[in-house]
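A.B. asks: coordinates for the following, if possible.
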Amino acid sequence: MSDQWVWTYQGVGGAVPASGPTMSSAFPTQADAEAWLGQEWQELVAAGLESVSLVHGDHLVYGPMPLRPAD
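C.D. replies: Modelled structure (predicted):
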């Protein structure tokens, strides 16, 4: 298993985005990945993304997690 942590991106209805990146850069730790998301989630929403999932190697850690706050 890879030691890299990445966020995969989902658009409306959980679909993979039709254009642009489908995942984040790789991070060395889960904490680094989560800190990055905490800083960048608004940019991801502005780019049209609806949710993200955290993946470690081939293993889904959690997600999909909505990016927009609940109303």
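A.B. asks: how about the strands of this structure, start to end?
C.D. replies: Taking DSSP state E, the strands of the chain run over residues 5-10, 51-56, 59-66.
A.B. asks: partners of the longest one in the sheet?
C.D. replies: If I follow you right, that is strand 59-66. Counting by DSSP bridges, the strands paired with strand 59-66 are strand 51-56 (antiparallel).
A.B. asks: low-confidence stretches in this structure?
C.D. replies: Per-residue confidence of the chain (counting by pLDDT under 70) places the weak regions at 1-2, 71.
A.B. asks: hmm, try it at 90
C.D. replies: Residues of the chain that meet the criterion pLDDT under 90 lie in 1-3, 11-23, 47-48, 68-71.
A.B. asks: could I get the strands of the chain in CSV, plus columns for mean neighbour count and distance to Thr29?
C.D. replies: Glycine gets a C-beta too; all of them are placed from N, C-alpha and C. Supplementary listing: these in CSV, determined by neighbours: other Cβ atoms under 10 Å; distance: least, Cβ to Cβ, whole Å:
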stretch, mean neighbour count, distance to Thr29
strand 5-10, 21, 7
strand 51-56, 20, 10
strand 59-66, 12, 12
